[in-house]
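Undergrad: Return a 3D structure for these sequence lines:
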Amino acid sequence: MRWVERNHADVSLHVSWLRTAEADVQDTQLSQRWHDDEGKWLMTSEERVAGAVGLFNEPAAQGPKGDGEQSAPDPAPKRPSYFRTRVIAGD
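TA: Below is the predicted model of the structure:
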């Protein structure tokens, strides 16, 4: 966490996650901006800065073409997806 001002903070997170239909664990690094609104901390922005694509339903490149070249992502905007989640936390 980095304090920008007394009532603003930037937070970096590392999230390990998986899709329920897959067995591979994904890792994504996030950046969040928080603001203190009269005693209530509110997250004002969140973005993926590195790691696996898909946690925020970002468009991803299709599989490789026949010549080994990646095809472009689908430019059509996608409806937000909400995946069933399960939180596992330790002490």
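Undergrad: Could you use CA atoms for every contact and neighbour count after this?
TA: Fine.
Undergrad: what's around Leu18, how many residues?
TA: Other residues within reach of Leu18, judged by other C-alpha atoms under 10 Å, total 16.
Undergrad: Kindly apply the preceding question to Leu55 instead.
TA: Counted with other C-alpha under 10 Å, Leu55 comes out at 19.
Undergrad: Got the phi and psi for it?
TA: phi -60, psi -30 (degrees, to the nearest 10).
Undergrad: cool, and Gly54?
TA: According to degrees, to the nearest 10, Gly54 has phi 130, psi -20.
Undergrad: Next up, the contacts around Ala9.
TA: By C-alpha atoms under 8 Å, 6 or more residues apart in numbering, the residues touching Ala9 are Met1, Arg2, Trp3, Arg33, Trp34, His35.
Undergrad: So which of the residues you listed is the closest to Ser16?
TA: Met1 (18.6 Å; C-alpha to C-alpha).
Undergrad: how close does the closest one get to Gln32?
TA: Counting by C-alpha to C-alpha, to the nearest Å, the gap from Met1 to Gln32 is 9 Å.
Undergrad: Next: Thr20.
TA: Taking C-alpha to C-alpha as the measure, Thr20 and Gln32 are separated by 25 Å.
Undergrad: what about these two, which has more around it?
TA: More crowded of Thr20 and Gln32, by other C-alpha under 10 Å: Gln32, with 16 against 11.
Undergrad: give me the beta-bridge partners of that one?
TA: Beta bridges link Gln32 to Val11, Glu46, judged by DSSP bridges.
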